[in-house]
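J.: Take a look and give me a structure for this.
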Amino acid sequence: MPSRGSDSRSSRSSGPGRSAAADTASSPCTDIYHCGGERGGSDVDGLSREAEYVSVEIRDYNGGGQWTRDAIIERYQRYCRDLGVREPAELQPREHTERDNKWVYPVMDEIIPLIDRGDAAAVALGVELVEEDQLMPFGRTLKANTARALRRANLTPEQLERLRRRIVGLLITGAIRREFRQYARLLRHIGIGDWWPEIERRVDRSNPYVMRYLAYLR
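T.: From the prediction side, this is the model:
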């Protein structure tokens, strides 16, 4: 399976072909499922069947709360109905199983290409992801790729203003994370609008990273 970039150097729990990428030191959500068939002797002597269980460790690299796999899919389907998307995608995250391990990769990996295709429901989810503060596996990479795709999206006036508010807010507070490079490019593309006075009044001029992006945005 081909490899891709990650938010962490650890690869022990990420599965083959993809290094672990969590925004926190904690490991991704892991469940243990017991499955398997029955192994039984003869019923002639009234012997009960004995169930044999095999442990399968599932490593789910989706986030929590509204960013679980099921929550994202449910929201996408709802937005498709609300926004009149004629051909909704059948979302299914990539999975890989090897022996007693199963890896479930972020379903947002499937949303980002839909943004490039002009899927309005995917665009709505992309805007929400940029606004999200929650740390999640592969979060930095997913947020950066989402911001890159949104530069090519047909955004509504409300979405434009939400993105401006979010990115300007991060700049003012000095929250310059890895994904901010793509955020700054997105902000420069859509324009800062009426936010310059707020930036000039509140920006931390002692922060060299902030000042670098401030110069880029002028």
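
J.: State the number of residues packed around I176.
T.: Using other C-beta atoms under 10 Å, I176 has 18 neighbouring residues. In short, each C-beta sits where N, CA and C put it, glycine included.

J.: Could you do M136 as well?
T.: 26.

J.: N62 versus that one, what's the distance?
T.: With the distance defined as C-beta to C-beta, to the nearest Å, M136 ends up 7 Å from N62.

J.: shared neighbours of the two, anything?
T.: Both M136 and N62 are contacted by P106, under the criterion C-beta atoms under 8 Å, 6 or more residues apart in numbering.

J.: what's V104 sitting at in phi/psi?
T.: Dihedral pair for V104: phi -120, psi 120, per degrees, to the nearest 10.

J.: May I have the beta-bridge partners of the closest residue to it other than its chain neighbours?
T.: Once flanking residues are discounted, V104 sits nearest to D60: 4.5 Å by C-beta to C-beta, 6 or more residues apart in numbering. Beta-bridge partners recorded for D60 (DSSP bridges): C29, V104.

J.: what's around D60, how many residues?
T.: Based on other C-beta under 10 Å, the number of other residues close to D60 is 20.

J.: How about L114?
T.: Neighbour number of L114 under other C-beta under 10 Å is 21.

J.: mind listing what G63 touches?
T.: 106, 134, 136-137, 139.

J.: And these, which two are furthest apart?
T.: P106 and Q134 (12.9 Å; C-beta to C-beta).

J.: Those two: which is more packed in?
T.: P106 (25 against 12).

J.: For S55, see how far away the more buried one is.
T.: P106 is 24 Å from S55, where distance means C-beta to C-beta.

J.: can you give me the helices in the chain?
T.: All helices of the chain, identified by DSSP state H, fall at 69-83, 108-116, 120-131, 139-150, 157-173, 180-190, 196-202, 208-217.

J.: For the shortest one, which outside residues touch it?
T.: It stands for helix 196-202. 168, 171-172, 192, 214.
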